[in-house]
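Q: Sequence plus the predicted model coming up.
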Amino acid sequence: MKISIQNLQLKYGDFVAIENLNLDIGDGEALVLLGQSGCGKTSTMRCLAGLEEPSAGRIIIDDVVVFDSERGINLPPNKRNVGMVFQSYAVWPHMTVFQNVAYSLNLQKLSKNEVKERVTEVLTMVGLEKFADRGASLLSGGQMQRVALARSLVMRPSVLMLDEPLSNLDARLRDRLRVELREIQLRLGLTCVYVTHDQHEAFALADRIALLQGGKIVQIGGPREMYETPASASIAHFLGVSNVMDCEAVAGGDGSSSATVAGHDFTVHSSQRIPSGTRQMKVCMRAEDLQISAQPKTAANAWKGKVMVAGFQGNDVRYAVELDSGLELDALGTIKRGEQHDVGDSVWVTIEPGQVQILPAEVLA
Ligand SMILES: Nc1ncnc2c1ncn2[C@@H]1O[C@H](COP(=O)(O)OP(=O)(O)OP(=O)(O)O)[C@@H](O)[C@H]1O
């Protein structure tokens, strides 16, 4: 079922939480609303679900206009056929797993056999078939979240909306449930809107990511596109690029360009279009794209420095390296590639020109 959001605006009093938001979500697509706290992700989802009344705009779900400010249309949540899963599991503790999932079906007065069939089907889907008769209060956090998911799926919603459903779970369970959620979404061909502030979750679950800042979509695209070509330095930073530095001057040349940061030159791949004008530009480099070596290097971007911090992370080591110029860089070394150094070691840091990005500080409105 497709969704179309047109010129959506939501105000809380005088405060504009969502500003002129336009978004089309395709049938069977998993769209992730990603952004930092307060950017308007939950508000957008609540407008879709009918839990919040926008101040302007239009929302169409599966060719049905569910909200239109000009025509005074605002369908209540129960008329939108939207399933919702929240961060808090909201599972009824005094009921069994089966009763929790069957609850809404029973309200629809379906036959006992049909209820049993549909509940068993979704409990199997979320891996809880053996827990049907267990009291819901006796479940782990991950199992409760599966019950919440089953309770939504059993209603066969046109659209499933999930608001940070995994944030109360520990890291390992989060990783596993993330994969399971994606499998279920793909298997059912379910249109999904997923809210998160965690880029790893967004990358793993999304067909497309809509990145929100200050109530606006500042970039939309597939996970790989977003990762490789962020539209601004602040988006790059949010997506985990740890070396983001003010850039004083940018100069184009034959086959290459260069950018200067604190008197320090970075050679950039010539294919990068560096916009002219007075916009504040930033140099962005991923920690994993920097290589660290004890051997002197003579590449285009090769600098001598000293290891100030070496944080062991299992397969990787996270380094803070202070270059001789005083500039500090964050680099990720891989132990298996022999990139292991100690605090105080002299090292050479290199990066391919193609991996240095020069981006505007912000996406301009
Ligand atoms: N009921 C409300 N009244 C007034 N302001 C609100 C209300 N709900 C949200 N806001 C404000 O609207 C903005 C967007 O809030 P929203 O909950 O959509 O953000 P979010 O991106 O989902 O954040 P988080 O990740 O922290 O949940 C925030 O600045 C928030 O303070």
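A: It's in.
Q: residues in this protein within reach of the ligand, list them.
A: 12, 15, 17, 35, 37-43, 197 (C-beta under 6 Å from any ligand atom). Just so you know, the C-beta spots here come from the backbone N, C-alpha and C atoms, and that holds for glycine as well.
Q: Mind putting these into a markdown table with distance to residue 330, secondary structure and neighbour count?
A: Formatted as a markdown table, the residues of the chain next to the ligand follow (distance: C-beta to C-beta, whole Å; DSSP: H, G, I helix; E, B strand; the rest coil; neighbours: other C-beta atoms under 10 Å):
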| residue | distance to residue 330 | secondary structure | neighbour count |
| --- | --- | --- | --- |
| 12 | 37 | strand | 11 |
| 15 | 35 | strand | 8 |
| 17 | 33 | strand | 22 |
| 35 | 23 | coil | 26 |
| 37 | 23 | coil | 7 |
| 38 | 26 | coil | 14 |
| 39 | 25 | coil | 23 |
| 40 | 30 | coil | 23 |
| 41 | 27 | helix | 26 |
| 42 | 31 | helix | 19 |
| 43 | 33 | helix | 23 |
| 197 | 21 | coil | 17 |
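Q: residues near the closest residue to residue 27 other than its chain neighbours, how many?
A: Leaving out its chain neighbours, the residue that sits closest to residue 27 by C-beta to C-beta, 6 or more residues apart in numbering is residue 2, at 4.9 Å. Neighbour count for residue 2, taken as other C-beta atoms under 10 Å: 16.
Q: now residue 2: how far from residue 181?
A: 20 Å (C-beta to C-beta, to the nearest Å).
Q: in stretch 19-26, what's buried?
A: By 16 or more other C-beta atoms under 10 Å, the buried positions in stretch 19-26 come out as 19, 21, 23, 25.
Q: Could you do stretch 81-99 as well?
A: Buried, per 16+ other C-beta under 10 Å, within stretch 81-99: 81-87, 89, 91, 95-99.
Q: Off-centre distance for that stretch?
A: 24 Å (C-alpha atoms, centre = their mean, to the nearest Å).
Q: go on, stretch 240-251?
A: That offset, for stretch 240-251, works out to 23 Å (C-alpha atoms, centre = their mean).
Q: now stretch 49-62
A: 23 Å.
Q: Can you show me the CA trace of it as PDB?
A: C-alpha atoms of stretch 49-62 as PDB (Å, rounded to 0.1, in the frame of the first residue of the first chain):
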ATOM      1  CA  ALA A  49      -1.300   7.200  12.200                       C
ATOM      2  CA  GLY A  50      -3.900   9.800  13.000                       C
ATOM      3  CA  LEU A  51      -2.700  10.400  16.500                       C
ATOM      4  CA  GLU A  52      -1.800  14.000  15.800                       C
ATOM      5  CA  GLU A  53      -3.800  16.600  13.700                       C
ATOM      6  CA  PRO A  54      -1.500  18.400  11.300                       C
ATOM      7  CA  SER A  55      -2.000  22.200  10.800                       C
ATOM      8  CA  ALA A  56      -1.800  21.800   7.000                       C
ATOM      9  CA  GLY A  57      -1.300  19.300   4.200                       C
ATOM     10  CA  ARG A  58      -2.700  16.100   2.900                       C
ATOM     11  CA  ILE A  59      -2.000  12.400   3.600                       C
ATOM     12  CA  ILE A  60      -3.100   9.600   1.300                       C
ATOM     13  CA  ILE A  61      -2.800   6.000   2.300                       C
ATOM     14  CA  ASP A  62      -3.600   3.400  -0.400                       C
END
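Q: Give me the contact list for that stretch.
A: 1-11, 18, 20-21, 43, 46-48, 65-70, 74-77, 79-82, 84, 158-159, 161 (C-beta atoms under 8 Å, 6 or more residues apart in numbering).
Q: Mark which of the residues you listed are part of helices, please.
A: 43, 46-48 (DSSP state H).
Q: out of those, which is most surrounded?
A: Ranking these using other C-beta under 10 Å puts residue 48 first, with 27 neighbours.
Q: gap between that residue and the ligand?
A: 12 Å (C-beta to the nearest ligand atom, to the nearest Å).
Q: Relative to residue 202, how far out is that residue?
A: 18 Å.
Q: distance between the helix or strand residue 183 falls within and the chain's centre?
A: Remark: residue 183 resides in helix 171-188, with elements defined by DSSP states H and E. Mean C-alpha position of helix 171-188 versus that of the full chain (C-alpha atoms, centre = their mean) differs by 14 Å.
Q: Go through it and flag the buried ones.
A: 173-174, 177-178, 181-182, 184-185.
Q: helix/strand/coil for the single nearest residue of the stretch 251-365 of the chain relative to the ligand?
A: At 16.9 Å from the ligand, residue 363 is the closest residue in the stretch 251-365 of the chain, using C-beta to the nearest ligand atom. Here residue 363 is recorded as coil under DSSP: H, G, I helix; E, B strand; the rest coil.
Q: Quick check: chain neighbours aside, which residue is closest to it?
A: Using C-beta to C-beta, 6+ apart, the nearest residue to residue 363 is residue 218, at 4.2 Å.
Q: check contacts around that neighbour.
A: Residue 218 sits next to 211-212, 231-232, 235, 362-363 when contact means C-beta under 8 Å, 6+ apart.
Q: For these, which entry has the maximal number of neighbours?
A: residue 211 (28 neighbours).
Q: who does the host helix or strand of it touch, helix- and strand-wise?
A: In this structure, residue 211 sits in strand 208-213 according to DSSP H and E. Contact here means 3 or more C-beta pairs under 8 Å, 6 or more residues apart in numbering; DSSP states H and E; on that basis strand 208-213 packs against strand 30-34, strand 216-221, helix 223-228, helix 233-238.
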